[in-house]
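Participant: Below: sequence and its predicted model.
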Amino acid sequence: MALWPGSGPVWMVGCGNMGGALLRRWLEAGLKADRITVVDPAPRQIDEVAWTSALPDGSPDCLILGIKPQMLGELAPAIAAHVGPQTVLISMLAGVECATLAGHFPNARAIIRTMPNLPVILGKGVTAFFADKADAEANAAVDMLFAPTGLCEWLASEEDFHAIIAVSGSGPAFAYRFIGALADGGTALGLSADQALRLACATVEGAAAMAAASDADPTELARRVTSPGGTTAAGLDVMDEGGSFTRIIHDTQKATADRSAEMANASRT
């Protein structure tokens with residue numbers, strides 16, 4: 001299956017947790033392994049693709065940049081030598097803006113920032129995109145590549161990445177904490193730990209699927225589950241007291257967005 005158009009090579013430079021999740025999903029979705037070269041000094045257990053610790057000869061049609069953001073200044077000159085006028089550069093570097101990337105890779109055909117999250121490995125991820133220069137063909141190629149990974153959203157403003165990180169980029173970690181707390185509470189009330197975790201995971205999965213499929217907003221959906229004076233109402237009374245639950249979520253997201261903005265500022269210097 002041609003998830004990337006044409007016949008040119010696809011390079012992934014840096015393949016950490018997120019890169020590995022994407023790579024596994026793309027291979028499952030039919031991206032031909034012989035088109036992919038992964039440049040990373042620490043190979044993962046993905047034997048189908050070619051791994052190398054040094055940049056190969058030539059220029060790829062697509063270069064997915066997944067190195068640590070703080071390594072960009074050191075590694076960019078060597079990478080830039082392989083970025084030609086046909087290369088679509090897809091950056092996963094948190095906080096590194098298109099203008100900074102363009103300064104490092106002036107010959108790229110197109111530069112597209114992305115912010116995926118780890119559920120891409122199951123085809124249930126969320127990925128946001130932004131390109132500051134229009135290239136309809138490049139954008140369509142990126143859409144095609146990421147289609148098997150889950151929900152894809154293009155942003156109108158690069159500044160929206162700070163909010164995206166707070167909602168979907170870091171969101172799985174926040175959701176895992178909630179699932180863990182829900183399961184721990186079940187254990188405290190007498191359930192076995194493994195049963196409580198199964199129940200918590202299935203409950204959150206089902207509630208999220210229902211919220212996604214419903215025309216009603218989450219507040220209304222919660223109301224429909226709640227009988228006046230009943231068990232759910234008793235629990236929500238505690239959760240809603242003084243707006244504490246909403247406040248801690250909003251404060252968590254603000255801290256995430258603020259850190260994203262700090263990283264963006266640092267990458268400009």
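Facilitator: Cool, the structure landed. Quantities reported herein were computed from a predicted structural model and do not represent experimental measurements.
Participant: switch to C-alpha atoms for all contacts and neighbour counts from now on
Facilitator: Noted.
Participant: which residues touch residue 51?
Facilitator: 37-40, 43 (Cα atoms under 8 Å, 6 or more residues apart in numbering).
Participant: do the same with residue 225
Facilitator: Contact partners of residue 225, counting by Cα under 8 Å, 6+ apart, are residue 232.
Participant: do the same with the one 4 residues further on
Facilitator: The neighbours of residue 229, taking Cα under 8 Å, 6+ apart as the test, come to nothing; the list is empty.
Participant: Am I right that it is in a strand?
Facilitator: No - assigned with DSSP: H, G, I helix; E, B strand; the rest coil, residue 229 falls outside any strand and is coil.
Participant: For it, give its distance to residue 235.
Facilitator: Applying Cα to Cα, to the nearest Å, the value for residue 229 to residue 235 is 10 Å.
Participant: Then residue 84?
Facilitator: 58 Å.
Participant: still on that earlier bit, which single one of the contacts of residue 51 is nearest to residue 116?
Facilitator: residue 38 (18.3 Å; Cα to Cα).
Participant: How is that closest one assigned, secondary-structure-wise?
Facilitator: strand.
Participant: so what's it bridging to?
Facilitator: residue 12, residue 51 (DSSP bridges).
Participant: And for it, the neighbour number?
Facilitator: Look at residue 38: counted by other Cα atoms under 10 Å, it has 26 neighbours.
Participant: JSON lines please, covering the contacts of residue 51 and showing pLDDT and distance to residue 173.
Facilitator: Formatted as JSON lines, the contacts of residue 51 follow (pLDDT from 0 to 100; distance: Cα to Cα, whole Å):
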{"residue": "37", "pLDDT": "94", "distance to residue 173": "30"}
{"residue": "38", "pLDDT": "95", "distance to residue 173": "27"}
{"residue": "39", "pLDDT": "95", "distance to residue 173": "27"}
{"residue": "40", "pLDDT": "93", "distance to residue 173": "25"}
{"residue": "43", "pLDDT": "73", "distance to residue 173": "25"}
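Participant: Neighbour count for residue 84 and residue 235, which is higher?
Facilitator: Neighbours per residue, other Cα under 10 Å: of residue 84 and residue 235, the larger number sits with residue 84, 19 against 11.
Participant: Wait, the more buried one touches residue 63, no?
Facilitator: No - checked against Cα atoms under 8 Å, the pair residue 84 and residue 63 is beyond contact range at 10.3 Å.
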